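Peer 1: Pasting a predicted model and its sequence here:
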Amino acid sequence: MRTALIIGTEVATNGLESGASIRVDSIKNLLIKNGYRVDITSRVHARNALTSDWDLVVLVSFSTSKFLRLARKKATIIWFDPTDSWSQTRISLFCKGDVKQILLLMRDLFWIWTAPNVDLITFITQRDSNKEQAWWKNRSSPLILPVQGLDREVKLGNEPRLVFIGDGSYGPNKDALTFLTQTLKYLPSSLNIHVFGSGVSDPNSKFIIHGYVPRSELYTARDIHLAPITLGGGLKLKVAVPLWNGLHVVSTQEAAVGFKDSDSLEIANTPKEFADAITKLLGVEFPKKPVKPLSAIYVDDQTILVDEWLAKLSVTE
């Protein structure tokens, strides 16, 4: 059987559900579908894993790029999935006050611009791909690979919940919780926001903090999911997962990048607009069982081309 190694970040490989881990799982499932035996390792253990030879190595996230040269020596085929735009992600975080992002960007640029040729490049949205066109224009043209495998158990529920999911130690999520604190000022005092995720320690009494819980506890039928993200890059799983499962989402324009217009997706960019959108949805009679979208939720999706590329490898190997 052909062998594939996926190298991911520590967050992507720590066993907890996150956007990064869902990305790795999505790629793993594509590889298994095409007949690969797949091993997954974090950056910490990547050098040990690359002492062996592989038919295919996939490096997921631009922050794994330091291993591209070594992977090129140990694998027949290299697939680089930066996922997000490194410049969009790092610079937006820097502009919010995280000064170390400039040093991290310089590190990223060194490894990425000195990287050997790779056989496939994928980004999660067209915007992320376009941001890095100067890098890839003399290489392989990227394919757009959004996240798959988003089916979730949705429990029945009689009462609507306002829900925020995210790691509270991550800068954009910290900003989002501050945004929601402002939003609550425009909502009835009886409303609370259910916050799911590790590292959340906000003192707001209107946040019901659940910490990390099993995936089965995250979604109920009358949920309104909140995605007040204003920076970063990539595709926001806070929008993708509930939208895919037929739930309603209130999102900023930034968090809605990469998604098609939908009756289940409300766009709001200020705390007052967020509160107005929430109030509107609370007045809607939701079906007892969510209805999944009848068409694709993504603006750009070339998953089928990635699948075809993997299938051709099966024929030529």
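Peer 2: On my side now, so go ahead.

Peer 1: drop to CA atoms for contacts and neighbour counts, all remaining ones
Peer 2: Will do.

Peer 1: Who are the contact partners of residue 143?
Peer 2: With contact taken as C-alpha atoms under 8 Å, 6 or more residues apart in numbering, residue 143 is in contact with 120-123, 302, 305-306.

Peer 1: Can you tell me which of the residues you listed are buried?
Peer 2: Buried by 16 or more other C-alpha atoms under 10 Å: 120-123, 306, out of these.

Peer 1: What count of nearby residues applies to residue 188?
Peer 2: Residue 188: 10 surrounding residues under other C-alpha atoms under 10 Å.

Peer 1: Same question for residue 144.
Peer 2: With other C-alpha under 10 Å as criterion, residue 144 counts 23.

Peer 1: Tell me the bridge partners for it.
Peer 2: Beta bridges link residue 144 to residue 123, judged by DSSP bridges.

Peer 1: ok so, going back, rebuild the buried ones among the contacts of residue 143 as TSV, extending it with pLDDT and distance to residue 183.
Peer 2: Formatted as TSV, these follow (pLDDT from 0 to 100; distance: C-alpha to C-alpha, whole Å):
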residue	pLDDT	distance to residue 183
120	97	43
121	98	39
122	98	36
123	97	33
306	97	41
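
Peer 1: Tell me which two of these sit farthest apart.
Peer 2: For the buried ones among the contacts of residue 143, the farthest-apart pair by C-alpha to C-alpha is 123 and 306; their separation is 11.4 Å.

Peer 1: list residues touching both of the two?
Peer 2: Residues touching both residue 123 and residue 306 by C-alpha under 8 Å, 6+ apart: 143, 145.

Peer 1: Over to residue 255. Which of the three states is it?
Peer 2: Using DSSP: H, G, I helix; E, B strand; the rest coil, the structure places residue 255 in coil.

Peer 1: just checking, it touches residue 230?
Peer 2: Yes. Counting by C-alpha atoms under 8 Å, residue 255 touches residue 230, with 6.9 Å between them.

Peer 1: These two: which has the busier surroundings?
Peer 2: Set residue 255 next to residue 230 and count neighbours by other C-alpha under 10 Å: residue 255 wins out with 26 against 19.
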